[in-house]
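Participant: Give me a model of this one.
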Amino acid sequence: MIGIQKNKKGFALVLALVMLALLSILGAYALSTSATELFIAGNYRNNLTAFTTADAGGEFGLRAVMTSAPATTSSVNYTRTIGNGTANITVTSVISGPMCPGRSESSTESGGGGFTAGEYYVVHSIGTGPASAQAVVESMACKPAMESS
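Facilitator: Residues are numbered from 1 along each chain as shown. Here you go, the predicted model:
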C-alpha cells in the first residue's frame, strides 16, 4: 500500500497545472470575445453617426430646395459640419412636371389636395462620421411652381 502512495505524490501538481491551463484558455477566450464586442460596438457607433449626419444633411438639402433653390440651377453643392461628422449635400434639378402634390386653384375650390406644376429635385447627402465611416441618404423633392396672381 505504501508503494501505491509513493506513485501518487505528483498527481495533485499535475492536476493543478492542467486546471490552470484550462482556466487560462477560458480567460483568453473571454478577453478575445470582449475585445471583439467593443470593436463591433465602436463600428456601429461610427456608422450610426455617419447615417444621422447624412440624414440631417438630407433634411438641410430638402429645406434648401423648398426655401431658396432656383429652378434654373441644375446642381448645387453644400458642405455642413453636423455634430461629429460632415455632410456633403448635392441638390440636383431633375425635371419640371405637372404632377407635384400641392394646392392648385381647381383643387382649392373642391377642398382637395390636387396637383400643380413644379420642379423636381434629387437631394443626395453623404455623411462622414468618425474613423471615415460613411453613409448615403438620397431623397426626391418637388417644389411647387409659384402660382401667378
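Participant: Now do the same contact list for residue 129.
Facilitator: 46, 47, 48, 49, 50, 51, 53, 84, 85, 135 (Cβ atoms under 8 Å, 6 or more residues apart in numbering). Backbone N, C-alpha and C define where each C-beta goes, glycine included.
Participant: Report the buried members of those residues.
Facilitator: Buried members of these, scored by 16 or more other Cβ atoms under 10 Å, are 46, 47, 49, 50, 51, 53, 85, 135.
Participant: Out of those, which one has the lowest pLDDT?
Facilitator: Lowest pLDDT of those: residue 85, 90.
Participant: for the closest residue to that residue other than its chain neighbours, what are its contacts?
Facilitator: Once flanking residues are discounted, residue 85 sits nearest to residue 53: 3.3 Å by Cβ to Cβ, 6 or more residues apart in numbering. Residues near residue 53 by Cβ under 8 Å, 6+ apart: 82, 83, 84, 85, 86, 87, 127, 128, 129, 135.
Participant: And these, which is closest to residue 38?
Facilitator: Distance to residue 38 across the contacts of residue 53 (Cβ to Cβ) is lowest for residue 129, with 17.4 Å.
Participant: ok, now which ones touch residue 78?
Facilitator: 57, 60, 61, 64, 87, 88, 89, 90, 91.
Participant: among those residues, which are in strands?
Facilitator: Counted as lying in strands by DSSP state E, out of these, are 87, 88, 89, 90, 91.
Participant: Could you export those residues as a markdown table, including neighbour count and distance to residue 120?
Facilitator: Shown next, in a markdown table, are these (neighbours: other Cβ atoms under 10 Å; distance: Cβ to Cβ, whole Å):
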| residue | neighbour count | distance to residue 120 |
| --- | --- | --- |
| 87 | 27 | 22 |
| 88 | 18 | 21 |
| 89 | 24 | 17 |
| 90 | 16 | 15 |
| 91 | 23 | 11 |
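Participant: Identify the residue spatially nearest to the residue most central in space within the chain, adjacent ones excluded.
Facilitator: Residue closest to the mean C-alpha point of the chain, counted by Cα atoms, centre = their mean, is residue 51 at 2.0 Å. The spatial neighbour of residue 51 that comes closest, neighbours along the chain excluded (Cβ to Cβ, 6+ apart), is residue 135 at 4.0 Å.
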